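**Q** Can you look at this prediction? I've put the sequence above it.
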Amino acid sequence: MRLWCCFGVGEEEEANTRGDMKEGLLSTEAEGKSEEFSFVAMENDQAGSSRMGFSIGDELDEDLFLGMEVARDGGGDEITVDCSDPWELVIGNSRYFERYASASGHDLGEIDELGFGEETSLGFGRGNRDRDYQYKRAKVLSDSMECHYATAMSPCANTSTLPADGAQSISQGSVTSGNEMLLCLSSAPNGGGSRNPMDSNGGGDNDGGGSNSSKIEDLEVKMDLTDDLLHMVLSFLDHINRCRAARVCRQWRAATAHEDFWRCLNFESRNISPIQFADMCRRYPNITEVNICGALAIDLLVMKAITSLKYIETLIVGKGQLEDGFFHALADCSLLKTLSVTDATLGNGVQEIPVFHDRLRHLQIMKCRALRISVRCPQLETLSLKRTNMGHAVLNCPQLQELDIASCHKLSDAGIRSAATSCPLLASLDMSTCSCVSDETLREIALMCPSLRVLNASYCPNISLESVRLPMLAVLKLCGCEGITSASMAAISHSYMLEVLELDDCSLLTSVSLDIPHLQNIRLVHCRKFVDLNLRSPMLSSITVSNCAALHRINITSNLLQKLMLQKQESLSTLALQCQSLQELDLTECESLTNSICEVFSDGGGCPMLRSLVLDNCESLTEVEFNSSSLVSLSLVGCRAMTTLELKCPYLEQVFLDNCDHLERASFCPVGLRSLNLGICPKLNVLQIEAPHMVVLELKGCGVLSEAAINCPCLISLDASFCSQLKDDCLSATTASCPLIESLVLMSCPSIGPDGLSSLHWLSYLTLLDLSYTFLVNLQPVFESCLQLKVLKLQACKYLTNSSLEALYKDGALPALCELDLSYGSLCQSAIEELLASCTHLTHVSLNGCVNMHDLNWEHTGGQLSEFSSMDGSSSICSPEIIQEPFVHPDRLLQNLNCVGCSNIKKVVIPPRARCFHLSSLNLSLSANLKEVDVACFNLSFLNLSNCYSLEILKLECPKLTSLFLQSCSVAEEVVEDAILHCNMLETLDVRFCPKIYPVYMGRLRAVCPSLKRIFSSLCAS
């Protein structure tokens, strides 16, 4: 397929194209690295005028390339040639193209070869910005049409045919394999003799192909965007992406050249030459912000910016040498408001650097090197000299409000004092890490700067503030000040407007006692000798205390404090809080807290709004008692010494007691808990619960629990597994107070007897009962009380006799029962057969480990299963509709049958006459003596015969079987082939560790059963 994408221009455009419009750009990178896009500015076509190029590169680092060189031909005309890279060719229309060829000594073919390589980019010159052009829509032509007005240039061409000036055309060709795309830019006068066939206005064609115009109109792709909408879209792009957008079409190219997008030039760390930068300044004289930090020759660039851009407001320079002339010329930028100089060498390092400007408001000189700096800016508001290596600073800035001289190590105490006191309106001062600062300097600053509200004197070792008064101060940072002690707090307390106080790493600070009405935030981190904290501030909202190993007393009074984190305060033993709004408190690993802490968090203790309390790993707590009407969440994880827990919290919804190994007595009366897990408290002996909303209660593993009073009217699930001391009276009381229980687990509760089971009649909604591993003999109370029971688990009930379940299969007890688990029981073969024959309503039966079960043979006509014999004796699989019997018996609802580990089973036969039409899963694994399996079940999908070492005969008529597991079976490969022959839906077959089935047979198994997707063998899995 061949695709042409063409852009046409109208009559008015063509008339202006010859004189003013900049047309055409082809650039090809040497060695095929990347594409380049260029704007070419050619102001006119007269001799002696300059044509300048603006090229945006698309390299890996997306650098901005701007390159051009002005040359003159023999007639004195200037020609634009490349000076930055040999592969970039900047040309105008065809006349400029020919001039370049003649001036450079190349013929047209060589230039064509350079311009039309395999990797080329097409650019459009910038036209007159003041002219309102009408742009045509892009049009797509299929390869069935002939294009007679553009010539595709071959990379190997020796000659080239260029269009005349009246019809400039640039075309791009590609290799001749597969698809070929030709981009064509053509402009021709509509009124001329040759009509542009791409023009939507119609017209003839030089070759007489007038019919092509209508075809082109039919294939026209409309891509119109209004100028306003396009302008808004482009405003979201940065310079690089905006230049890429200029490649799309002339409209986009003109839109991206709008000066609104070029008011801010960012050439930070880019390779831009002074000539290129001068061209940009000439193009966009209304630029207001320039960033040339890290650019080469910044001294020349910044001087050009100062002299050329009269409207510049923000100038950012750095990473180079700035001569004295730059600072003297600043006065020429009358509108300059912001100046930033970073990481630069100022002057020659000998004389003073003057910064004089009448309108400058923000000045930043950071990480610079200078001997002396003098700033005289009457309207300057913020000044930063941070990390500048200077010995003296003279300031004459009467309006200065913010001064940053942090890390100015060479500034003397007197220098800092002189600089700060010369600014009477100073509101913020940062002199952190200025090691020479003294208390005398702070006193002078406090006297001369009455408006000072922010002071950062961190890491100034010589200050102690003992005789300093800063009454209007709002923010005070004294981190790492070795001179700050408890005596300094008296001076700080005079700052009655103080809102933020930071005292991190004050190694000599032992106590803080402050009564400041406006204090909102205080930090005390890594204060090694800090012992006592006493704060009284109604506005206090944030306290950060951490890693203060010696802290053991805290007294806080605040009306706004909502969250308090006091983690890992190992010595904290006394805590007094009067915080009316406190909602969250974390005291994790405060190992010295005692039982008295409970009074602080109970009603009347000073925290009436407390909702969340964390006391994890507080190992000194032994008896915990909370009486709170606001507490919602309580965590006592890891409180190993706690033996008694008493909670009277009616709105408590969460409690965490993990690793409370020694808890013996627990009372939850009343609480708002919906669920509670006490199975993690193995020594729990006495339990009392009154929870009107509790739904789930787990007591699993409370082996010594002997007294339990549970009053939970909404309780649905109760798990009392392994509560070996739980007796009938406790069970009776629980069932009477919790009538909505649906699931009751009494596994391994040997003390439960018939009296306790008789109380189950209170549970009219009981559907699941687990009595596994109990010593029960008589189940009659269960049969009489649990009429709605659906699941009954009797695992390992060794004392159940053959007559214990007679009520099930003779009297029809538990009519709703669906699932029965008799695993590891002692029932005989006949009892099991009668149960399976009569209880056809069972859906899940588990007989795992039943040693008295010998065969599962539902084919013979004698015994309890004779009723399933059919008249015709057919063994083929059939559906319920085709079974013909003189007396129709009910279908079995059995879906899942588990006989795992039944070592005495030798034969399993389930023919169609057994009417197991719903059986979907059969598990006979670990039946070591099983020799024969003959199953014909229409809906069986899962069959597990793993580790049936004696298996020899396998017959299957299960058309819906999907998974068959024969792992470690000694069955022969031929038997398996015959068994799966009629399993048309079998997907998974496991024959690992089968000694008679080798991996080479896997192909035969797949051939027998094409539906197989996964076969697992002992040596490979496919």
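**A** Nice, thanks for sending it over.

**Q** Tell me, please, where in the protein the pLDDT is lower than the cut-off.
**A** 1-224, 349-350, 860-889, 1019-1022 (pLDDT under 70).

**Q** gap between the nearest residue to Lys790 once chain neighbours are set aside and Cys434?
**A** Leaving aside its chain neighbours, Lys790 sits nearest to Thr767 (4.5 Å; criterion: CB to CB, 6 or more residues apart in numbering). Placement of C-beta: from N, CA and C, glycine included. Thr767 sits 77 Å away from Cys434, going by CB to CB, to the nearest Å.

**Q** and the two? which has more neighbours close in?
**A** Comparing Thr767 with Cys434 by neighbour count (other CB atoms under 10 Å), the higher total belongs to Cys434, at 24 against 19.

**Q** how about the nearest residue to Pro461, chain neighbours excluded?
**A** Among residues not flanking Pro461 along the chain, Glu482 sits closest, at 4.6 Å (CB to CB, 6+ apart).

**Q** State the number of residues packed around that neighbour.
**A** The local packing of Glu482 (other CB under 10 Å) involves 16 other residues.

**Q** what residues are up against it?
**A** 461, 506-508 (CB atoms under 8 Å, 6 or more residues apart in numbering).

**Q** Reformat these as TSV; add secondary structure, neighbour count and distance to Pro378.
**A** Shown next, in TSV, are the contacts of Glu482 (DSSP: H, G, I helix; E, B strand; the rest coil; neighbours: other CB atoms under 10 Å; distance: CB to CB, whole Å):
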residue	secondary structure	neighbour count	distance to Pro378
Pro461	coil	13	36
Cys506	coil	25	40
Ser507	coil	14	44
Leu508	coil	16	44
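
**Q** Now render the residues you listed as JSON lines, adding distance to Ser412.
**A** Formatted as JSON lines, the contacts of Glu482 follow (distance: CB to CB, whole Å):
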{"residue": "Pro461", "distance to Ser412": "15"}
{"residue": "Cys506", "distance to Ser412": "25"}
{"residue": "Ser507", "distance to Ser412": "26"}
{"residue": "Leu508", "distance to Ser412": "26"}
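
**Q** Which of these sits closest to Val614?
**A** Cys506 (27.6 Å; CB to CB).

**Q** what's near enough to touch the residue lying closest to the closest one once chain neighbours are set aside?
**A** Nearest residue to Cys506 in three dimensions, chain neighbours excluded: Ile484, at 4.6 Å (CB to CB, 6+ apart). Contacts for Ile484 (CB under 8 Å, 6+ apart) come out as 463-465, 478, 503, 506, 508-509.

**Q** May I have the secondary structure class of Ile484?
**A** Assigned with DSSP: H, G, I helix; E, B strand; the rest coil, Ile484 falls in the coil class.

**Q** and Ile445, what are its phi and psi?
**A** Main-chain torsions, Ile445, degrees, to the nearest 10: phi -60, psi -40.

**Q** so how far is Ser412 from it?
**A** Applying CB to CB to Ile445 and Ser412 gives a distance of 15 Å.

**Q** Check Leu452 too.
**A** Shown here: Leu452 relative to Ser412, a distance of 21 Å by CB to CB.

**Q** okay, the two: which has more neighbours?
**A** Each of Leu452 and Ser412 has its neighbours counted (other CB under 10 Å); Leu452 has more, 24 against 15.

**Q** Could I get the phi/psi values of the closest residue to the more buried one other than its chain neighbours?
**A** Among residues not flanking Leu452 along the chain, Leu426 sits closest, at 5.8 Å (CB to CB, 6+ apart). Main-chain torsions, Leu426, degrees, to the nearest 10: phi -60, psi 130.

**Q** these two touch, right, Leu426 and Ile405?
**A** No. Taking contacts as CB atoms under 8 Å, Leu426 lies outside contact range of Ile405: 11.5 Å.

**Q** ok, for Ala576, nearest residue in space, not its chain neighbours?
**A** Per CB to CB, 6+ apart, closest to Ala576 is Asn555, 4.4 Å.

**Q** So what touches the one helix or strand the one you found maps to?
**A** Using DSSP states H and E, the element containing Asn555 is strand 553-558. The contact list for strand 553-558, computed with CB under 8 Å, 6+ apart, reads 531-541, 543, 545, 564, 566, 572-582.

**Q** switch to 6 Å and redo it
**A** Defining contact as CB atoms under 6 Å, 6 or more residues apart in numbering, one finds that strand 553-558 is touched by 532-537, 540, 574-579.
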